[in-house]
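Participant: here are the coordinates; sequence isn't available:
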């Protein structure tokens, strides 16, 4: 590639990258975080410039003032949680042997009286869980990969929201490759 072609490619890439969506949230300790990936409870803000249809650029929208954001939060769905995530098992966690898998959903604020949680394991509803269960165990899972999802449904309005799906793996010993015991030390 010639020098002028490389320069042109770099310039075009720079223009394309000017406008970006950034997500901002504050954790339980009051620390503000920014990410290019959406997170439950995060506020989407635009950075840089965004191109319009005619080819000109305009400044991207700025985030709303705190008072406006608070007013908007009060007017929106009751399903908007500050924190809504499956915290156990963790993403891509591996369990060995006949270990029970502890499942924990973190909600801030807590589940409301008119809301219910539906748990799905590999796309199938876990019927044996109470509609308000935020902590339980999965026993005797066979070897394999699993995906776990939680959905909250407001039974009054019919609105729903889902936490990010978590994947985990269960490995079981076999006759040909039993698990090694840790040496006493």
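Facilitator: Yep, it's here. These numbers come from a predicted model, not from an experiment.
Participant: so which residues of the protein form helices?
Facilitator: 3-16, 66-75 (DSSP state H).
Participant: which one of the ones you listed has the poorest average confidence?
Facilitator: Comparing mean pLDDT over the helices of the chain, the weakest stretch is helix 66-75, at a mean of 44.
Participant: mind checking the end-to-end distance for stretch 123-143?
Facilitator: 17 Å (C-alpha to C-alpha, to the nearest Å).
Participant: how about stretch 130-143?
Facilitator: So stretch 130-143: terminal residues 25 Å apart, C-alpha to C-alpha.
Participant: and the average pLDDT for that stretch is what?
Facilitator: 88.
Participant: could you check how many residues crowd around residue 139?
Facilitator: 9 (other C-beta atoms under 10 Å). Backbone N, C-alpha and C define where each C-beta goes, glycine included.
Participant: ok, it - contacts?
Facilitator: The contact partners of residue 139, taken as C-beta atoms under 8 Å, 6 or more residues apart in numbering, are residue 100.
Participant: how close does it get to residue 115?
Facilitator: 27 Å (C-beta to C-beta, to the nearest Å).
Participant: OK, contacts around residue 172?
Facilitator: With C-beta under 8 Å, 6+ apart, residue 172 has these contacts: 97-98, 142-143.
Participant: and the two most separated of those residues?
Facilitator: For those, with distances taken as C-beta to C-beta, the pair at the greatest spread is 97 and 142 (12.3 Å).
Participant: who has more neighbours out of these two?
Facilitator: Ranked by neighbour count (other C-beta under 10 Å), residue 97 and residue 142 place residue 97 first, with 10 against 7.
Participant: show me the contacts for the residue lying closest to residue 81 once chain neighbours are set aside.
Facilitator: Leaving aside its chain neighbours, residue 81 sits nearest to residue 107 (5.7 Å; criterion: C-beta to C-beta, 6 or more residues apart in numbering). By C-beta under 8 Å, 6+ apart, residue 107 lies in contact with 81, 83-84, 134.
Participant: dig out what residue 107 forms beta bridges with.
Facilitator: residue 84 (DSSP bridges).
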